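Peer 1: with the input below, show me the fold.
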Amino acid sequence: MATHPNVGHAARVLSLLHAHASRVRHVVLITALYLAACGAALADDGTATAAAATAETAETSSLIKRLHLDALWANNDWVAWTTLGVAVALGLFIGTVVAAVIERAAQRLPSPGWEARRGLLKGMAGPIRLAGVTIGLAIGLSRLEMSTDLQGLLARSLFFLGSIAVAWYGYNAIGALDPVLRRRASQFDTTLKNQLVPVIRKLLRTALVVIWVLFVVESVFGGDIGAWLAGLGIAGLAVSLAAQDSLKNLFGSLTILFDRPFQVGDRIKFANYDGVVTEIGFRSTKVKTLDGHLVTIPNLKIVAEPVENISYRQAIQRTIHLPLRRRTPREKVVKALEIVRAVLNEEGIREPIQPSQPGAAAPRVYFSDLAADKWNLVAVYSYTPPVHHDFMEHAERVNLRILAEFEKAGIELV
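Peer 2: Residues are numbered from 1 along each chain as shown. Next up, the predicted model:
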């Protein structure tokens with residue numbers, strides 16, 4: 001018995017699609033689920049949700065009649081079906097080739113500093129394959145004769161697949177930003193990097209998925225998202241009121257991360273605290289004071305009040321007050337000035353306080369005050385580099401040398 005020509009051509013099309021079944025399987029599954037949902041929306045356009053079982057059966061039967069699925073096969077010859085199969089296979093082939101080229105180009109990018117660009121390119125591979133299949137379906141389905149209702153249903157299906165491709169790439173692109181965020185966070189604290197970056201990635205991806213779902217509901221299914229947005233707004237307001245302090249601390253940590261007023265290891269002064277930053281977390285920043293105490297400061301307070309970053313200074317300025325007795329002879333006052341200037345210029349003392357050092361100024365010594373009970377000398381110099389313990393050791397040497405020379409000259413301090 002002779003085989004119908006359409007059956008033979010359909011068999012060839014199916015064998016061609018079988019070669020790419022592993023790649024098309026997920027697209028077919030999503031499309032089937034979408035057709036079922038979209039068909040239900042078309043069949044139930046504004047009707048009551050509590051319809052009887054018999055009414056639902058009648059509506060489903062009416063939907064099938066409106067789509068004229070029986071006429072779809074009869075009204076199209078083997079050329080149209082072959083065109084559909086070839087277009088889908090060609091779209092998948094082109095998408096796969098383009099994706100492979102992009103992945104190879106991403107692998108050739110230099111490793112240091114190009115991780116984000118490499119991730120953005122690699123993230124295009126899957127969406128491009130899906131876009132190729134979608135374009136192939138659009139070209140192939142355009143050759144078929146079908147009812148207006150079925151044509152609208154398939155057009156919305158293609159739009160749905162295209163939106164998946166776009167959202168898929170956006171989802172991958174957010175993940176590609178991880179290296180950039182980690183580089184910024186690593187300048188502060190490893191703990192912050194390990195905690196904050198995954199949270200930012202999840203928040204961005206969740207926001208993207210929610211926006212995509214709302215877009216599909218309104219643009220593809222024709223739903224009204226106004227009530228949804230109102231409900232989300234009320235829920236968000238309740239959550240923000242309940243956790244406003246935690247949210248303030250979270251945004252405070254983000255401000256510290258991107259504004260960079262200080263980093264882990266910097267010495268800062270905040271309120272009555274002076275110490276070294278040991279950790280920058282979600283809720284608080286920990287500072288180890290100079291006397292060894294660990295202070296936990298909420299981030300919302302740090303971003304709302306002035307913070308003095310002592311580590312950013314180029315030099316440590318010191319002012320020495322030397323009060324002489326009131327009846328010290330003028331000759332000894334002049335001698336005291338000469339002694340202080342000579343000490344500050346001695347080898348082993350003058351090197352870190354000379355103006356050749358970055359941020360340093362030349363030492364200055366003055367006879368500043370003639371008070372009723374004392375005569376005051378003042379010495380001012382800048383010490384570099386601004387390392388506190390080294391500065392204190394240098395100040396001790398200066399003090400001991402001045403005292404030794406004053407004792408030799410018979411100069412007494414008050």
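Peer 1: show me the residue at the heart of the chain, geometrically.
Peer 2: Nearest residue to the geometric centre of the chain (C-alpha atoms, centre = their mean): Leu181, 4.6 Å.
Peer 1: quick check: closest non-adjacent residue to that one.
Peer 2: In space, and not counting its chain neighbours, Leu181 is closest to Val197: 4.6 Å by C-beta to C-beta, 6 or more residues apart in numbering. Where C-beta positions appear, they are placed from N, C-alpha and C, glycine not excepted.
Peer 1: the one you found - how many residues pack around it?
Peer 2: Residues lying near Val197 (other C-beta atoms under 10 Å) number 21.
Peer 1: helix/strand/coil for it?
Peer 2: helix (DSSP: H, G, I helix; E, B strand; the rest coil).
Peer 1: do I have it right that it meets Gly175?
Peer 2: No: with contact defined as C-beta atoms under 8 Å, Val197 does not count as touching Gly175 (10.6 Å).
Peer 1: quick revisit: pLDDT score for the residue nearest to the centre of the chain?
Peer 2: We have a pLDDT of 71 for Leu181.
Peer 1: and what of Ala243?
Peer 2: 58.
Peer 1: repeat that for Leu130.
Peer 2: 89.
Peer 1: ok, and what's touching stretch 395-409?
Peer 2: The contact list for stretch 395-409, computed with C-beta atoms under 8 Å, 6 or more residues apart in numbering, reads 318, 320, 322, 332, 335-336, 339-340, 342-344, 346, 348-349, 383, 412-413.
Peer 1: one more pass at 6 Å, please.
Peer 2: Lys335, Ile339, Val343 (C-beta atoms under 6 Å, 6 or more residues apart in numbering).
Peer 1: what is the nearest of those to Gly140?
Peer 2: Proximity of the contacts of stretch 395-409 to Gly140 (C-beta to C-beta) peaks at Val343, which lies at 93.2 Å.
Peer 1: any idea how far the closest one lies from Gly91?
Peer 2: 86 Å (C-beta to C-beta, to the nearest Å).
Peer 1: repeat that for Lys286.
Peer 2: Distance from Lys286 to Gly91, by C-beta to C-beta: 56 Å.
Peer 1: those two: which is more packed in?
Peer 2: Each of Lys286 and Gly91 has its neighbours counted (other C-beta under 10 Å); Gly91 has more, 22 against 17.
Peer 1: on the C-terminal side of whatever helix or strand that one lives in, identify the next helix or strand.
Peer 2: Using DSSP states H and E, the element containing Gly91 is helix 78-107. Moving toward the C-terminus from helix 78-107, the next helix or strand (DSSP H and E) is helix 115-122.
Peer 1: number of nearby residues for Asn299?
Peer 2: Count around Asn299 with other C-beta under 10 Å applied: 22.
Peer 1: can you check Arg364 too?
Peer 2: Arg364: 12 neighbours (other C-beta under 10 Å).
Peer 1: quick one, domains of this protein?
Peer 2: For the chain, automatic domain parsing gives the domain ranges 5-43+54-176, 264-312, 316-409.
Peer 1: of the ones you listed, which shows the lowest average pLDDT?
Peer 2: domain 5-43+54-176 (a mean of 72).
Peer 1: identify the bridge partners of Phe270.
Peer 2: Tyr273 (DSSP bridges).
Peer 1: pull the number of nearby residues for it.
Peer 2: So Phe270, with other C-beta under 10 Å, has 20 neighbours.
Peer 1: buried residues in stretch 202-209?
Peer 2: When burial is assessed from 16 or more other C-beta atoms under 10 Å, stretch 202-209 yields the following buried residues: Leu204.
Peer 1: helices along the stretch 101-250 of the chain, start to end?
Peer 2: For the stretch 101-250 of the chain, the helices defined by DSSP state H, counting those that start in this stretch occupy 115-122, 125-141, 148-176, 178-186, 190-219, 226-242, 244-259.
Peer 1: may I see those helices arranged in CSV, with distance to Trp78 as well?
Peer 2: Output for those, formatted as CSV (distance: least, C-beta to C-beta, whole Å):
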stretch, distance to Trp78
helix 115-122, 40
helix 125-141, 13
helix 148-176, 20
helix 178-186, 50
helix 190-219, 35
helix 226-242, 46
helix 244-259, 61
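Peer 1: out of those, which is closest to Glu305?
Peer 2: helix 244-259 (11.1 Å).
Peer 1: got the angle for that closest one vs helix 190-219?
Peer 2: 110 degrees (axes from the mean of the first three to the mean of the last three C-alpha atoms, to 10 degrees).
Peer 1: elements contacting helix 244-259?
Peer 2: helix 299-304 (3 or more C-beta pairs under 6 Å, 6 or more residues apart in numbering; DSSP states H and E).
Peer 1: kindly export the helix it packs on (C-alpha atoms) in PDB.
Peer 2: What follows is helix 299-304, C-alpha atoms only, in PDB (Å, rounded to 0.1, in the frame of the first residue of the first chain):
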ATOM      1  CA  ASN A 299      27.000  51.300  60.400                       C
ATOM      2  CA  LEU A 300      24.100  53.700  60.400                       C
ATOM      3  CA  LYS A 301      25.900  55.900  63.000                       C
ATOM      4  CA  ILE A 302      29.200  55.800  61.100                       C
ATOM      5  CA  VAL A 303      27.700  57.100  57.900                       C
ATOM      6  CA  ALA A 304      25.700  59.800  59.700                       C
END
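Peer 1: kindly export stretch 379-391 (C-alpha atoms) in CSV.
Peer 2: Taking C-alpha atoms only, stretch 379-391 is exported to CSV below (Å, rounded to 0.1, in the frame of the first residue of the first chain):
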residue,chain,number,x,y,z
ALA,A,379,59.1,73.3,69.0
VAL,A,380,57.0,72.0,66.1
TYR,A,381,57.9,69.3,63.6
SER,A,382,56.3,66.7,61.4
TYR,A,383,57.3,63.0,61.6
THR,A,384,57.2,60.7,58.6
PRO,A,385,56.1,58.0,57.9
PRO,A,386,53.0,58.3,60.1
VAL,A,387,53.6,55.1,62.1
HIS,A,388,52.4,55.7,65.6
HIS,A,389,54.8,53.5,67.5
ASP,A,390,57.8,54.7,65.6
PHE,A,391,56.7,58.2,66.2
